[in-house]
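Q: based on what follows, work out the 3D shape:
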Amino acid sequence: MLGTSSVTTQHQARGFASKKHKRVIKLSKGFRGRANRCFRVAIRRLEKSWQYAYRDRKVKKREFRKLWIQRLNAGVRQQGLSYSRFIQMEGKSGVKLDRKILSGLAMYEPFSFKAVVDVVKKMSAEGN
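A: Have a look, this model is predicted:
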């Protein structure tokens, strides 16, 4: 036993090269593959994720507007009008409710929505 050492070598994980590396790895948590472990891959994935986030903030607005129009169209058709005709009449009548509010009324307050449609019909008929 004199010639052998009983010291076991332990593998020690390498630390971060900088505070920036640490921050990038922390931000890339949840990414697939090496993108959540290796700085060079993580920084590329992170920049791409920021591009997606920027683009999709714009897309989100578009999607919600489309949803409001669909809901409003369904509600207006129950009252015997088309969406485009209703919007045209609303502009003439002077009613100042946006699509978000109108679609909410159409979905959750059908009687109130019917009253708004009736007012729009009446005001636009008087305007002609």
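Q: contacts, neighbours, all on C-alpha from now
A: Fine.
Q: and the next helix or strand past the longest helix seen in the chain?
A: When the chain is parsed with DSSP state H, its longest helix is helix 39-78. Note on helix 39-78: by DSSP states H and E, the next helix or strand toward the C-terminus is helix 83-93.
Q: what are the buried residues along that following helix?
A: For helix 83-93, burial by neighbour count (16 or more other CA atoms under 10 Å) applies to 83, 86, 87, 89, 90, 92, 93.
Q: which among those residues gets closest to residue 124?
A: residue 93 (4.7 Å; CA to CA).
Q: give the contact list for the closest one.
A: 120, 121, 123, 124, 127 (CA atoms under 8 Å, 6 or more residues apart in numbering).
Q: of those, which is the most crowded?
A: Neighbour count (other CA atoms under 10 Å) singles out residue 120 as the most crowded of these, with 22 neighbours.
Q: ok so, going back, select from the contacts of residue 93 every entry located in helices.
A: Among the contacts of residue 93, the members found in helices (DSSP H) are 120, 121, 123, 124, 127.
Q: kindly reformat those residues as JSON lines containing pLDDT and distance to residue 78.
A: Formatted as JSON lines, the ones in helices among the contacts of residue 93 follow (pLDDT from 0 to 100; distance: CA to CA, whole Å):
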{"residue": "120", "pLDDT": "92", "distance to residue 78": "15"}
{"residue": "121", "pLDDT": "91", "distance to residue 78": "14"}
{"residue": "123", "pLDDT": "87", "distance to residue 78": "19"}
{"residue": "124", "pLDDT": "82", "distance to residue 78": "19"}
{"residue": "127", "pLDDT": "70", "distance to residue 78": "24"}
